[in-house]
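Student: Okay, here's the prediction I keep looking at, along with the sequence it came from:
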Amino acid sequence: MSKQFSALGVSAPILKALGELSIVEPTEIQQKTIPLLLSEKHDVVGLAKTGTGKTAAFGLPLLQLIDTESPVVQAVILVPTRELGHQIFRNLEDFSKHIPNISIAATCGGIPIKPQIERLTQPTHIIVATPGRLIDLIQRKAVDLKQTQFLVLDEADEMISILKESLDEIIAELPKKHRTLLFSATLPGTIKQLIQNYLNKNVVQISASMETTGNQGIDHQYIVVDPIEKLDVLMHFLNSKDGERGIIFCKTKAAVNKLAKNLAINRFSSGAIHGSLTQGIRDRIMEQFREGHINILIATDLAARGIDVAATTYVVNYHLPDTYENYVHRSGRTARAGAKGLSLTVLQEEEVTEIPDFEKELGIKFTKFEKPSALSLEENNTLLWAKQIFKTKPNHDISADLKTKVKTVFHHLTKDELIEKLLANYVLQNKIDVVEKPVKKFKK
């Protein structure tokens, strides 16, 4: 039985908020971190993967240690992406709903800076920021960090390059005596160097189980396909999940755009996000996904950080991720809040040999997802074709005379007869396509 949050020293207002959020038992990283931050003065390095509850591990004690009577910035949380920043901001807002007068601000890049500058003219206790935007605010004299007691570096391994460039400028604004809390999923040499350069010598290192809590509810599967049938197999899977919410991950922005276009053509309820889109567009699509107005989100790995939608029942790795860490972040978007979820990885034959490495490194087990038969794929494509026709809006530019002539051709057919003929024509055309395509390639 895990220790309850009250035993860790968490205050009554925060306990009340956690109860309302149905967060009852602390995770390992929370058990180890919360009492240390509340009772000690050391710098802390926390090693834990996504899904292990790092936000609450540092967020709950920070909220409790804030002096709401003092209208100054007392904690800065640096994050690698806007999505993660906004997610942490929302979490802190939820955790602190019963703490009177506490003020939290998100100042991430990609959106206009002027409203953020205006927001910071009001009393602010905690700032969640991306490094670039925080430096911009510092240079504009829009933020005062001279009384900031805590600097949190979350997902430090994901922003190491920008930290190497910007940390000196940020730390120069902080008082000499401040606590640095660094959280990372891995501990490469660059992070060790950063710890040595910027954290106190008596730093305390905490390691939590490198299994993510989300993995307990995730069914990890893979499916092997030929490149030519990859899209058809995906659409067959998506049709089987009709009405459910899921995220499809691609390796590149170009792949996201191409897949989004194909799904739109086939009338799937979907939207796409990647780094080249404006923050406004990304926020709008994310909101549509959260509210259930679209069921499928197509994204690059950028979006694996900060997406916390409890109703996400599946994740599809349309391309195998480059790193084990990215797989953890992707698959961790499903099976949220104790739910079950599926993480399906689409592989080509030569990639299957990589599965044992993922299993060994991450301590998980994959099972094989059976590929649908050729007949089943054909039937699914026929259904998609029918949906395209059903969802096609009438073209009012077609002349009434032509419409009358076409109606005359079909006027003696019943609805069933018309459908039979349309289906027969579709099947005939597809058979012609199958025969013709190789011939055209051969001629080239």
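Tutor: Alright, I've got the coordinates. Computed from a predicted model, the values in this text were never measured in an experiment.
Student: Could you tell me which ranges of the protein sit under the pLDDT cut-off?
Tutor: Counting by pLDDT under 70, the low-confidence segments of the chain come to 1-3, 50-51, 209-216, 303-306, 336-338, 431-444.
Student: domains for it, by residue range?
Tutor: Following automatic domain parsing, one gets these domains for the chain: 5-207, 213-374, 393-443.
Student: now the shortest one, how far from the chain's geometric center?
Tutor: On the basis of Cα atoms, centre = their mean, to the nearest Å, domain 393-443 sits 42 Å off its chain's mean C-alpha point.
Student: Equivalent analysis for the first one, please.
Tutor: The chain centre lies 20 Å from the centre of domain 5-207; the measure is Cα atoms, centre = their mean.
Student: What is the end-to-end distance of that domain?
Tutor: Start-to-end span of domain 5-207 (Cα to Cα, to the nearest Å) is 19 Å.
Student: same question, stretch 97-117
Tutor: 24 Å.
Student: mind putting the domains of the chain in CSV, mean neighbour count included?
Tutor: For the C-beta atoms, the positions are set from N, CA and C on the backbone; glycine is no exception. Formatted as CSV, the domains of the chain follow (neighbours: other Cβ atoms under 10 Å):
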stretch, mean neighbour count
domain 5-207, 18
domain 213-374, 18
domain 393-443, 9
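Student: Would you reformat the ones you listed as JSON lines and include distance to residue 380?
Tutor: Conversion of the domains of the chain to JSON lines gives the following (distance: least, Cβ to Cβ, whole Å):
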{"stretch": "domain 5-207", "distance to residue 380": "33"}
{"stretch": "domain 213-374", "distance to residue 380": "4"}
{"stretch": "domain 393-443", "distance to residue 380": "13"}
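Student: Of all these, which one comes closest to residue 383?
Tutor: With Cβ to Cβ as the measure, domain 213-374 is the member of those nearest residue 383 (6.8 Å).
Student: quick revisit: I'd like to know which of the domains of the chain lies nearest to residue 386.
Tutor: domain 393-443 (8.3 Å).
Student: Okay, residue 426 and residue 226: tell me how far apart.
Tutor: Distance of residue 426 to residue 226, computed by Cβ to Cβ, to the nearest Å: 23 Å.
Student: what secondary structure does the closest residue to residue 225 other than its chain neighbours sit in?
Tutor: Spatially, and ignoring its direct neighbours in sequence, residue 225 is nearest to residue 233 (4.9 Å; Cβ to Cβ, 6 or more residues apart in numbering). Classification of residue 233 by DSSP: H, G, I helix; E, B strand; the rest coil places it in helix.
Student: repeat for residue 355
Tutor: helix.
Student: Kindly confirm my reading that residue 6 is in a helix.
Tutor: Yes - under three-state DSSP, residue 6 falls within a helix.
Student: please renumber so the chain begins at 136
Tutor: New numbering, starting at 136: the last item is residue 141.
Student: Apart from its chain neighbours, what residue comes closest to it?
Tutor: Using Cβ to Cβ, 6+ apart, the closest residue to residue 141 is residue 150 (5.9 Å).
Student: Now do the helix or strand hosting the one you found: which elements does it pack against?
Tutor: Per DSSP states H and E: residue 150 is located in helix 147-155. When contacts are defined as 3 or more Cβ pairs under 8 Å, 6 or more residues apart in numbering; DSSP states H and E, helix 147-155 packs onto helix 189-200, helix 217-230.
Student: now the following helix or strand past that helix against helix 189-200, angle please.
Tutor: Of the helices and strands lying after helix 147-155 in sequence (DSSP H and E), the nearest is helix 163-174. If you take axes from the mean of the first three to the mean of the last three Cα atoms, to 10 degrees, helix 163-174 sits at 20 degrees to helix 189-200.
Student: which other helices and strands contact helix 163-174?
Tutor: Using 3+ Cβ pairs under 8 Å, 6+ apart: helix 163-174 touches strand 179-182, helix 189-200, strand 339-342.
Student: wait, which of the ones you listed is closest to residue 543?
Tutor: Going by Cβ to Cβ, the one of the helices and strands packed on helix 163-174 nearest residue 543 is helix 189-200, 66.2 Å.
Student: what about stretch 258-268, how long is it end to end?
Tutor: Per Cα to Cα, the first residue of stretch 258-268 is 19 Å away from its last.
Student: So which residues make contact with stretch 398-412?
Tutor: By Cβ atoms under 8 Å, 6 or more residues apart in numbering, the surrounding residues in contact with stretch 398-412 are 370, 373, 388, 391-392, 394-395, 416-417, 420-421, 423-424, 428-435, 437-438, 519, 522-523, 526.
Student: scratch that, stretch 450-460 is what I was asking about
Tutor: With Cβ under 8 Å, 6+ apart, stretch 450-460 has contacts from 184, 292, 320-321, 365, 369, 372, 381-386, 390, 394, 436, 462, 465-466, 468-469, 476-482, 486, 489, 493, 496-497.
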